[in-house]
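> fold the following and give me the result.
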Amino acid sequence: MPVKIRLQRHGKKGKPFYWIVAADARSKRDGKFLEKLGIYNPNTNPATIDLNVDGAVKWLTNGAQPSDTAKRLLSYKGALLKHHLLGGLRKGALTEEQVAEKFNAWVAEKDAAVAAKVSGLTQEQEVEKAKALAAEKAVNEKRVSDAQALEAEAAAEVAAAEASAAAEVAATEEVVAEEAVATEEVVATEEAPAEEAAGEETKEA
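Residues are numbered from 1 along each chain as shown. A predicted model of the protein is given here:
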């Protein structure tokens, strides 16, 4: 029975994740499988890959053929390397200690590279967050500045209106005062002939 190590799709539309399975090559892609070897979730950053390395190596040793994508995942997690090292052990080229040493050194180097990538992504996220906060702060400051400018403009308009009203009142009072003076002058002018006439009548008497 030919066996394939391949991906089986799960998840929802637009956000799939996959099981890494060993299945009969003649079965449907998402049909029955012989063994679940791990998961692959490309929706995270970095992608989440959880693999049973020993189980994958067992199937590779028994002749299972990985699909192209599964082969890349097995290589990423070191299953192909361990399969290769165990082949050297079977041929007598390596000892078990050498196999374990080489594989553990590779795993340590890989973990360091992944940790560095995660650290870099975290720093990038922090930088982006700082930029977003700075942009939001600038927007808020502009809003406050615009509000203050509007308040100052409104206050200036109120002050101008009050000054204009005060000027109109002053002008009205001045006109009233001038009219009052003119009225007094007219009255005084009319009273003067009357007094003169009364004086003349008094002299004749």
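> the helix or strand harbouring Leu73 packs against which elements?
Assigned by DSSP states H and E, Leu73 belongs to helix 68-77. If you count contacts as 3 or more C-beta pairs under 8 Å, 6 or more residues apart in numbering; DSSP states H and E, helix 68-77 packs onto strand 3-12, strand 35-41, strand 48-51, helix 53-61, helix 79-91. Placement of C-beta: from N, CA and C, glycine included.
> and the last one, how far out from the chain middle?
Helix 79-91 sits 47 Å away from the centroid of its parent chain (C-alpha atoms, centre = their mean, to the nearest Å).
> what packs against it?
Helix 79-91 is packed against helix 53-61, helix 68-77, helix 96-204, with contacts defined by 3+ C-beta pairs under 8 Å, 6+ apart.
> rerun at 6 Å
helix 53-61, helix 96-204 (3 or more C-beta pairs under 6 Å, 6 or more residues apart in numbering; DSSP states H and E).
> run the angle between it and strand 3-12 for me.
With axes from the mean of the first three to the mean of the last three C-alpha atoms, to 10 degrees as the basis, helix 79-91 and strand 3-12 are set at 160 degrees to each other.
> try the fourth one
Taking the same axes, to 10 degrees, helix 53-61 and strand 3-12 form an angle of 130 degrees between their directions.
> which outside residues touch helix 53-61?
Residues from elsewhere that reach helix 53-61 (C-beta atoms under 6 Å, 6 or more residues apart in numbering): 5, 22, 37, 74, 77, 79, 82-83.
> mind pulling the model confidence for the closest residue to Ala79 other than its chain neighbours?
Excluding the flanking residues, the one nearest Ala79 by C-beta to C-beta, 6 or more residues apart in numbering is Ala56, at 4.1 Å. Each residue has a pLDDT score; the one for Ala56 is 92.
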